[in-house]
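Asks: Take a look and give me a structure for this.
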Amino acid sequence: MYKLFFTIAACVLPTFAANNFYGIATANSIGGTGSYTCRSQAQWNTLAKDAKNSGFKSIRVTGFDCDALARASSAAAANGLKVLAGIYVSGSIAGAINQINNEVQLFRSAYGVYGAGRYEGLTIGNEVNDSAGNIMNKVYDVRGTYNTRCHRCIADPQLMRTGYLKSVGVTTPVSTVHTWVAIRDNPALCGADFVGANAHAFYDGNRNSGQAGDFVLKTVIPALKAKCPGKKIYITETGWPSRGNRFGSSAVASINDERTALQRLNCAARDDRSVSLYAFEYDDQNWKGNDNERSFGIFPKFDLNDVFSSC
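Replies: Below you'll find the predicted structure:
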């Protein structure tokens, strides 16, 4: 009788398509609002539950405002997810020194609560508008162990205090995030514990949504592996907008194109598992500057079981 029950149950259980993305990028503001509005703890909990139920293993946080590090870490812990934590830098590294140092302390506190296993990594800046030398000086300062690959790094006492996190026993890998083109053209950005690269076929020009996966798999990843040999690579943002102007001659923004791009990117993630891809992003962010930027959100637009079924 028990054997019959389990046989019947096995026949009626749904079969879920494989999500090959490693993680999903998030904003600290709730989706769908015209102004930047902080997510509550309950909303972070829902986000993490959605990510877990859809097969993502990690969430990426790009800033610590809105108490996001603590709230995201709590939600991730409750759902068995990892966090790629990011300190956001507006302007230059030198102009943000105090903010960075204060937020490194916030990360150290969160690390003490949730442990080393909760954090995939810590990134200092996202596409910072500063020199590679200045960015990497601060990365090494936060992490520890100055890296001689950065030949042009400046020895500014304000930037190079100590190798802080390693000195206090924090083992989380530390790096920065930049566009894949910036990393390709400035290999000094390869020098930390891992490589974090944003790669959007939509903005590369002359590519349609069906080419999004090949763009990452056959253009971006080989270029990064050539410039950053031996480094773990994270594609920290990749996606497609669902509305707004076309970009170049081929990149069209629509719901169907976003679905197609996500399908192709999911297949690319399957085809090179040495690289971890983060889908961009959890929900639409209507406070951003134009319809393209506002409309990369994935939830609640899609049945991801359908989106991922092609792989």
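
Asks: In the protein, what helix or strand scores lowest on average pLDDT?
Replies: Of all helical and strand segments in the chain, the minimum by mean pLDDT, DSSP states H and E falls on helix 2-12, at a mean of 41.

Asks: Quick check: which ranges of the stretch 51-200 of the chain have low pLDDT?
Replies: Applying pLDDT under 70 to the stretch 51-200 of the chain flags residues 145-163.

Asks: Run through the helices of the protein in chain order.
Replies: In the chain, the segments counted as helices under DSSP state H are 2-12, 41-53, 68-79, 97-114, 132-143, 164-167, 180-185, 201-204, 212-214, 221-227, 255-271, 291-294, 304-307.

Asks: Of these, which is nearest Ala25?
Replies: helix 41-53 (10.5 Å; Cβ to Cβ). C-beta here means a position set from N, CA and C on the backbone, and glycine is covered the same way.

Asks: Summarise which helices and strands that closest one is packed against.
Replies: strand 23-26, strand 58-61, helix 68-79 (3 or more Cβ pairs under 8 Å, 6 or more residues apart in numbering; DSSP states H and E).

Asks: I'd like to know which of these is closest to Ser249.
Replies: Nearest of those (Cβ to Cβ): strand 23-26, 27.3 Å.

Asks: Turn the helices and strands packed on helix 41-53 into TSV, including distance to Tyr88.
Replies: Converted to TSV, these look like this (distance: least, Cβ to Cβ, whole Å):
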stretch	distance to Tyr88
strand 23-26	13
strand 58-61	9
helix 68-79	10
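
Asks: Could you export the ones you listed as CSV, including mean neighbour count and distance to Val275?
Replies: Listed next are those as CSV, based on neighbours: other Cβ atoms under 10 Å; distance: least, Cβ to Cβ, whole Å:
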stretch, mean neighbour count, distance to Val275
strand 23-26, 25, 12
strand 58-61, 26, 14
helix 68-79, 21, 22
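
Asks: Which of the ones you listed sits closest to Leu189?
Replies: strand 58-61 (17.8 Å).

Asks: Strand partners (parallel or antiparallel) of the closest one?
Replies: strand 23-26 (parallel), strand 82-87 (parallel) (DSSP bridges).

Asks: okay, those strands in TSV with distance to Ser209 next?
Replies: Below are the strands paired with strand 58-61 laid out as TSV (distance: least, Cβ to Cβ, whole Å):
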stretch	distance to Ser209
strand 23-26	18
strand 82-87	25
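
Asks: quick one: which of those is nearest Ile221?
Replies: Going by Cβ to Cβ, the one of these nearest Ile221 is strand 23-26, 16.5 Å.

Asks: Put the alpha carbons of that closest one into CSV.
Replies: Provided in CSV are the C-alpha atoms of strand 23-26 (Å, rounded to 0.1, in the frame of the first residue of the first chain):
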residue,chain,number,x,y,z
GLY,A,23,21.9,34.3,-7.9
ILE,A,24,19.7,37.3,-8.4
ALA,A,25,20.6,41.0,-8.0
THR,A,26,18.3,43.2,-5.9
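
Asks: who's in contact with it?
Replies: 47, 51, 56-62, 72, 82, 84, 120, 236-237, 276-282, 298 (Cβ atoms under 8 Å, 6 or more residues apart in numbering).

Asks: what's the answer for stretch 114-122, then?
Replies: Contacting residues not belonging to stretch 114-122 are listed as 23, 58, 73, 76-77, 82-87, 107, 110-111, 142, 165, 170-175, 193-194, 196, 234 [Cβ under 8 Å, 6+ apart].

Asks: isn't Gly196 right up against Thr236?
Replies: Yes - taking Cβ atoms under 8 Å as the definition, Gly196 is a contact partner of Thr236 at 4.6 Å.

Asks: Now the common contact residues for the two.
Replies: Shared contacts of Gly196 and Thr236 (Cβ under 8 Å, 6+ apart): Thr123, Val177.

Asks: Report the contact partners of the closest residue to Tyr111 other than its chain neighbours.
Replies: Spatially, and ignoring its direct neighbours in sequence, Tyr111 is nearest to Val170 (5.4 Å; Cβ to Cβ, 6 or more residues apart in numbering). Shown in contact with Val170 (Cβ under 8 Å, 6+ apart): Phe107, Arg108, Tyr111, Ala116.

Asks: What of Ser310?
Replies: Contacts of Ser310 (Cβ under 8 Å, 6+ apart): Ala17, Gln263, Asn266, Cys267.

Asks: can you rerun that using 6 Å?
Replies: Gln263 (Cβ atoms under 6 Å, 6 or more residues apart in numbering).
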